[in-house]
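Undergrad: any chance you can model this:
(chains A, B and C)
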Amino acid sequence: MIALLDCNNFYASCERIFRPDLISKPVIVLSNNDGCVIARSNEVKKMGINMGIPLYKIEKIVRQYQINLFSSNFSLYGDISNRIMEIIKNDISNVEIYSIDEAFIDFSQFANYKFHATSLMHKIYKWTGIPTSIGVAQNKTLSKIANFFAKQNNSNFFHIDNSELKFYLSKMNISDVWGIGRQYSKFLHNNHIYNAYDLSKQDDKWILDHFSVNGLKTVHELRGIKCIDIVTEPSVRKNIRISRSFSEETTDYFKLQQVISTFASKASEKLRKQNSLCSSIHVFIKTNKFKTFHENYYYSDKSYFDSPTNDNSLIIKKSLEILNKIFIPGNSYKQAGIVLGNFVSIDQFQIGLFDNLKQKNRRYKLMKTFDEINNTFGSDSIKLGSEELNNQWRVNKTKLSPSYTTKWNDILTVNI
DNA sequence: TCTGGGGTCCTAGGACCC
DNA sequence: TCTGGGGTCCTAGGACCC
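TA: Sure thing, here's the model as predicted:
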């Protein structure tokens, strides 16, 4: 038996931890630059405000119902998430942290699912203030569905037995099934398949012809067969991507150089954290796609390193070379990003024929010290000269809450 | 009139997830 | 005026090999 634990309206709930006055009031969390809605409290969901809608389209309703808006505060959400996952892992060993607010938990050792689920949710709420719900079923896909019903019934817990599959799957819209996205839904609708039960009855060959093997796994799981395992070991990233939209468009090459340098530096820091070296780097800049009707708005190129690296300055240097190639003067850019790829583990690194080992070791030590300083004294304590000193023009977060749990300066003061 | 068979590797693009 | 960010996996097709 597999349980899916899901934090209810996670980002909105995080904002409420230190603002209990907002409990049962409408709360929205916005994307970077306060652009789109990325999390909604139940009150907001009931108003019919959809996920991903741009803020400017709902301004009237926001004013009318006095919805509380927040800029996204990922250091807060990440920290709360870590605490929740620790609580779960303390109790149960076989856990897959699936996303910032979800975990698959092996429940097969338990006889009384409801008892264990309820006590876990109770503990999480007591220790962190985050409300959660748990769905239990035969496999991952079905536990997602059970969780869906837990939320729908406001019961926080739901168990689906294999004998009840027909009943519940028939009530499950095809587009709400895990693994069925917009394109697949459209295709299935065109073929008169509307709910999860319909899908589970389809012929294997037909599924394989129109979907990938993952589609077939989903269908088998709907039939109650276990196909997708719990992955308890956190996997090493295969790509590291950093990109941002800007609050103001820019034509300034120098500004873009600073932005790309900063992204390259941050990405290489992540790379070092997971003990990897990258062999390729991909840089892109975009003009405003909502304003560009005639031509291409996406400019990018990819380049390879002679020898895999996680050296800040090499990665920055290469990224700026690419920027120089793709930059077109006169264009007004709205977004930029970099992706590091083709990783090798630092332990399995093959020394190149022309590598200067002594130099490499010195750089390695330098990077280590660089990271140690930033870890000890806070990120951005030191950075390379080509990076931005401040990025105030770049990202707009006017409604940012304090980082209550991760910054000394933001810690809560209690007056007695 | 007419051009084999069997394989690997890489990449771009498309699907999905949160 | 104002539209996010960061991932994974699979497949088709091209290039190349013998």
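Undergrad: strands along chain A, start to end?
TA: A:2-7, A:27-30, A:37-40, A:68-71, A:95-99, A:102-106, A:132-137, A:157-159, A:240-250, A:276-287, A:298-309, A:333-345 (DSSP state E).
Undergrad: is the fourth one anywhere near DNA strand C?
TA: No. Figure legend: strand A:68-71 not in contact with DNA strand C (CB under 7 Å from any atom of the strand); closest approach 10.9 Å. In short, each C-beta sits where N, CA and C put it, glycine included.
Undergrad: hmm, who's touching that strand?
TA: Residues from elsewhere that reach strand A:68-71, judged by CB atoms under 8 Å, 6 or more residues apart in numbering: A:11-12, A:15, A:22, A:25-30, A:34, A:55, A:62, A:397-401.
Undergrad: weed out the non-buried ones from these.
TA: A:11-12, A:15, A:22, A:26-30, A:34, A:55, A:62, A:399, A:401 (16 or more other CB atoms under 10 Å).
Undergrad: list just the nearest of these to residue A:369.
TA: Minimum distance to residue A:369 across the buried ones among the contacts of strand A:68-71 is 33.4 Å, recorded for residue A:401 (CB to CB).
Undergrad: how about that closest one, what does it touch?
TA: Shown in contact with residue A:401 (CB under 8 Å, 6+ apart): A:15, A:18-19, A:70-71, A:73, A:76.
Undergrad: for DNA strand B, which of the strands of chain A is the nearest?
TA: Evaluated over the strands of chain A, closeness to DNA strand B peaks at strand A:95-99, with 3.8 Å, by CB to the nearest atom of the strand.
Undergrad: find me the pLDDT at the closest residue to DNA strand B within the stretch 151-300 of chain A, would you?
TA: DNA strand B sits closest to residue A:181 of the stretch 151-300 of chain A, with a gap of 2.3 Å, by CB to the nearest atom of the strand. Residue A:181 is assigned a pLDDT of 94 by the prediction.
Undergrad: find the nearest non-adjacent residue to it, please.
TA: residue A:175 (7.9 Å; CB to CB, 6 or more residues apart in numbering).
Undergrad: list the contacts of that neighbour.
TA: For residue A:175, the contact set (CB under 8 Å, 6+ apart) comprises A:181-182, A:185.
Undergrad: can I get those in a markdown table with neighbour count?
TA: As requested, those are exported to a markdown table (neighbours: other CB atoms under 10 Å):
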| residue | neighbour count |
| --- | --- |
| A:181 | 10 |
| A:182 | 8 |
| A:185 | 17 |
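Undergrad: now, which of these lie within helices?
TA: A:182, A:185 (DSSP state H).
Undergrad: can you lay out the contacts of residue A:175 as TSV showing distance to residue A:298?
TA: TSV is the format used below for the contacts of residue A:175 (distance: CB to CB, whole Å):
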residue	distance to residue A:298
A:181	22
A:182	21
A:185	27
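Undergrad: out of the contacts of residue A:175, which is nearest to residue A:276?
TA: Nearest member of these to residue A:276, counting by CB to CB, is residue A:181, at 29.2 Å.
Undergrad: ramachandran angles for the residue of the stretch 251-400 of chain A found nearest DNA strand C?
TA: Ranked by CB to the nearest atom of the strand, the top residue of the stretch 251-400 of chain A for proximity to DNA strand C is residue A:290, at 4.4 Å. Phi and psi for residue A:290, reported as degrees, to the nearest 10, are phi -80, psi -10.
Undergrad: state the number of residues packed around residue A:412.
TA: Neighbourhood size, residue A:412 [other CB atoms under 10 Å]: 8.
Undergrad: now the phi/psi pair for it, please.
TA: phi -70, psi 140.
Undergrad: over to residue A:26?
TA: phi -70, psi 130.
Undergrad: how close does it get to residue A:47?
TA: As judged by CB to CB, to the nearest Å, residue A:26 and residue A:47 stand 7 Å apart.
Undergrad: dump the buried ones among the contacts of strand A:68-71 into a markdown table; add pLDDT and distance to DNA strand C as well.
TA: A markdown table is the format used below for these (pLDDT from 0 to 100; distance: CB to the nearest atom of the strand, whole Å):
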| residue | pLDDT | distance to DNA strand C |
| --- | --- | --- |
| A:11 | 97 | 9 |
| A:12 | 97 | 14 |
| A:15 | 97 | 15 |
| A:22 | 96 | 21 |
| A:26 | 97 | 20 |
| A:27 | 97 | 17 |
| A:28 | 97 | 13 |
| A:29 | 97 | 10 |
| A:30 | 96 | 8 |
| A:34 | 93 | 8 |
| A:55 | 94 | 7 |
| A:62 | 95 | 12 |
| A:399 | 92 | 14 |
| A:401 | 93 | 17 |
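Undergrad: nearest to residue A:133 among those residues?
TA: Residue A:133 lies nearest to residue A:12 out of the buried ones among the contacts of strand A:68-71, by CB to CB, at 14.5 Å.
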